[in-house]
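[1] would you be able to build a 3D model of this:
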Amino acid sequence: MARYDFDKPRLYLDANLESGADIPASREHVNYLRNVLRLGTGAQVLVFNGRDGEWLAELVVQGRKSMHLQVAGQVRPQTAANNLDFMFAPLKHARLDYMVQKAVEMGAGRLRPVITRRTQATRINLDRMRANVIEAAEQCGILTLPGVEEPQIFDALVRDWPEDRPLIHCDEDAPPGDPIEVLRALPGDKSPSRPLAVIVGPEGGFSPEEREKLAAMKQAVTISLGPRILRADTAATAALAIVQAAAGDW
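    Here you go, the predicted structure:
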């Protein structure tokens, strides 16, 4: 049996989920379920809220613009968020949307925008980021929504970095080598739930001063993403894939 049921529509609901719950559908969900998918009373959907697992629900149509979801039973228990922070210099519009969605798909537990010296997009729409988190989770069978943090200045981030969380720095100028070998050599716990963090720089990379500060951190380890220069959104996906492969969450 497949781990996920992709035959049924899947919705995130900001409501408590339990057997017998009757939840009014939002205007957006009514439009999607009735006008886009053409579903009616009795159709089954999967619902989740990021804390109560995944549940099967049936639609009840009430008029042209009203619909309820009657929750039946749980089909998957809740899972814990991965202990993986993904930190990134914000990009503009569609490229940031893409990067956020891919970070969710790759198992990031928390998304943390970082304002660096070369960051070009300093005005960040956190609500839009959260909407992209939800969309990616709905489409990919993910139960736990990554947290979306307020932006933080790079210098403050480095100054206050916790000693028990390795910080993986993806550096385009790092010597070529096997990044998975480097990551597997990290001391301490080797389980997929260990605390980890990945930081990816802006377009144009970190400034020399920022790279010096990262190099001086005893918690930081530098890895190469290969011989080619990657765009920031591509580098994010590559870095998370490498880290998850090394961590065992693959």
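
[2] what comes up buried for stretch 53-64?
    Buried residues in stretch 53-64, counted by 16 or more other CB atoms under 10 Å: 53, 54, 55, 56, 57, 59, 60, 61. C-beta coordinates here come from the backbone N, C-alpha and C atoms, glycine included.

[3] so which of those sit within strands?
    Assigned to strands by DSSP state E, the following of these qualify: 54, 55, 56, 57, 59, 60, 61.

[4] ok, then the element right after the helix or strand of the chain with the lowest mean pLDDT?
    Scoring the helices and strands of the chain by mean pLDDT, DSSP states H and E places helix 179-184 at the bottom, with a mean of 83. Using DSSP states H and E, the helix or strand that follows helix 179-184 in sequence is strand 196-200.

[5] centre of the chain versus that next one, how much separation?
    Centre-to-centre, strand 196-200 and its host chain are 13 Å apart (CA atoms, centre = their mean, to the nearest Å).

[6] what average pLDDT does that strand get?
    Averaged over strand 196-200, pLDDT sits at 93.

[7] now do the helices in the protein.
    27-30, 93-105, 126-140, 154-159, 179-184, 208-216, 232-247 (DSSP state H).

[8] distance check, the residue nearest in space to the middle of the chain against residue 120.
    By CA atoms, centre = their mean, the chain has its centre lying nearest to residue 104, at 2.4 Å. Distance, residue 104 to residue 120, by CB to CB, to the nearest Å: 23 Å.

[9] on that earlier part again, in CSV: the ones in strands among the buried residues of stretch 53-64, plus pLDDT and distance to residue 243.
    Output for those, formatted as CSV (pLDDT from 0 to 100; distance: CB to CB, whole Å):
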residue, pLDDT, distance to residue 243
54, 97, 26
55, 97, 31
56, 97, 34
57, 97, 35
59, 95, 40
60, 94, 44
61, 91, 45
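
[10] kindly indicate which of those residues lies nearest residue 231.
    Ranked by distance to residue 231 (CB to CB), those are led by residue 54 at 34.1 Å.

[11] output the longest strand belonging to the chain.
    Of all segments of type strand in the chain, defined using DSSP E, the longest is strand 67-76.

[12] domain parsing for the chain?
    Per the record, the chain has its domains at 10-76, 84-247, by automatic domain parsing.

[13] please name whichever of those domains is nearest to residue 3.
    Using CB to CB, the domains of the chain put domain 84-247 closest to residue 3, at 7.5 Å.

[14] wait, residue 168 touches residue 239, no?
    Yes: if you go by CB atoms under 8 Å, residue 168 and residue 239 touch, sitting 7.3 Å apart.

[15] now list whatever residues contact both of those two.
    Residues touching both residue 168 and residue 239 (CB atoms under 8 Å, 6 or more residues apart in numbering): 198, 223.

[16] of the buried residues of stretch 53-64, which is the nearest to residue 216?
    residue 53 (43.5 Å).

[17] any idea how far the closest residue to that closest one other than its chain neighbours is from residue 12?
    Distances taken as CB to CB, 6 or more residues apart in numbering place residue 78 nearest to residue 53, at 4.2 Å, with adjacent residues excluded. Residue 78 sits 13 Å away from residue 12, going by CB to CB.
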